[in-house]
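Asker: Need coordinates for the following:
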Amino acid sequence: MDTELDFSGDLKEGEDGAPCTVTGTDELRQRLYIMLSARRGQFIYDRELGSDIYLVKDGTEDEICGAARDALASLPEAEVTGVTKDNNDIYVAVVCGNEEFNIRVRV
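Answerer: Okay, the predicted model is just below:
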């Protein structure tokens, strides 16, 4: 269980003003999103969290996949299966267990 974030990265609040929680597949999707979209070294409490995708955004698919794999190294069950570029977004395809995700990273 984790605290749910909204699309701007802020805590999502319930009707009573308390933070919402997220579990299961939604929690995994949120975790992958954070690991891929945060810039490595920017989170003060965990300097290893995040990716260097923004540094290789103009690189080859292999370079971007490598940056995504590095970002997910602490989650060994996650497998990066490909990336797609679309203007200022990179979509990272990830298989984790029986679930498939297409995580959008804004660069």
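Asker: Where do the strands of the chain begin and end?
Answerer: Secondary structure of the chain (DSSP state E): strands located at 2-3, 21-22, 78-86, 89-96, 99-106.
Asker: Ok, which of those strands comes nearest Arg39?
Answerer: strand 99-106 (10.3 Å; Cβ to Cβ). For every residue, glycine as well, the C-beta is placed using N, CA and C.
Asker: What are the buried residues along the closest one?
Answerer: Within strand 99-106, the residues scored as buried using 16 or more other Cβ atoms under 10 Å are 101, 103, 105.
Asker: the inter-axis angle of that strand versus strand 89-96?
Answerer: 160 degrees (axes from the mean of the first three to the mean of the last three Cα atoms, to 10 degrees).
Asker: Just say which of the strands of the chain is most tucked in.
Answerer: strand 89-96 (a mean of 19; mean count of other Cβ atoms under 10 Å).
Asker: Might you report the residue contacts of Gly97?
Answerer: Neighbouring residues of Gly97 by Cβ atoms under 8 Å, 6 or more residues apart in numbering: Glu77.
Asker: Leu32 contacts Glu100, correct?
Answerer: No: applying Cβ atoms under 8 Å, one finds Leu32 not in contact with Glu100, separated by 11.1 Å.
Asker: hang on, the earlier thing: as TSV, the strands of the chain with mean pLDDT and distance to Leu36 would be great.
Answerer: TSV is the format used below for the strands of the chain (pLDDT from 0 to 100; distance: least, Cβ to Cβ, whole Å):
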stretch	mean pLDDT	distance to Leu36
strand 2-3	90	16
strand 21-22	91	17
strand 78-86	96	9
strand 89-96	97	6
strand 99-106	96	5
